[in-house]
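In: I'll drop the sequence and a predicted model, then ask my questions.
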Amino acid sequence: MRKVLLAGVVLALVCVGIVGCEKGGTAPQGEEIPTAVQFKDGADKYFMYQHKCPVCDGQPLSADYYVDTEKGRVYFDKQECAEQFKANKEEMLKKLEKQIDDTMGGGMQ
């Protein structure tokens, strides 16, 4: 029975590792987590203080992965997240708005 349980746990850990972005990454310990305002790319930011991916909550964000919207540029931690955002923009924008609201303590920028 223990071997079956152990095999199940190992399988679950492997599956989580394969899923990748679903759980989101985190910045290495002690490393500063960049916010969108720190990206000097000349783009208007959707949310200047965006600090995590609106798709998977991963960190750190990258200036290389973004989608431009009517309200400004949204950044992601991985290209896959930018693609998911584009494919389901309405739902992802709602999630981003909630992230912003949570970051601002209930008040939008």
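Out: On my side now, so go ahead.

In: who touches the lengthiest strand in the chain?
Out: As assigned by DSSP state E, the longest strand anywhere in the chain is strand 62-69. For strand 62-69, contacts defined as CB atoms under 8 Å, 6 or more residues apart in numbering pick out 39, 41, 43, 46, 73-79, 81-82, 85-86, 89, 93. C-betas here are computed from N, CA, C, even on glycine.

In: hmm, 10 Å instead?
Out: Contact with strand 62-69 is made by 34, 36, 38-41, 43-46, 53-54, 72-83, 85-86, 89, 92-93, 96, as judged by CB atoms under 10 Å, 6 or more residues apart in numbering.

In: Got a PyMOL select line for the buried ones in those residues?
Out: Per 16 or more other CB atoms under 10 Å, the buried members of the contacts of strand 62-69 correspond to this PyMOL selection:
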select buried, resi 34+36+39+45+46+53+54+73+74+75+76+77+78+81+82+85+92+93+96
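
In: Sketch out the low-pLDDT regions of the chain for me.
Out: 1-31, 106-109 (pLDDT under 70).

In: mind listing the helices for it?
Out: Remark: helices assigned in the chain by DSSP state H are 2-19, 79-87, 89-103.
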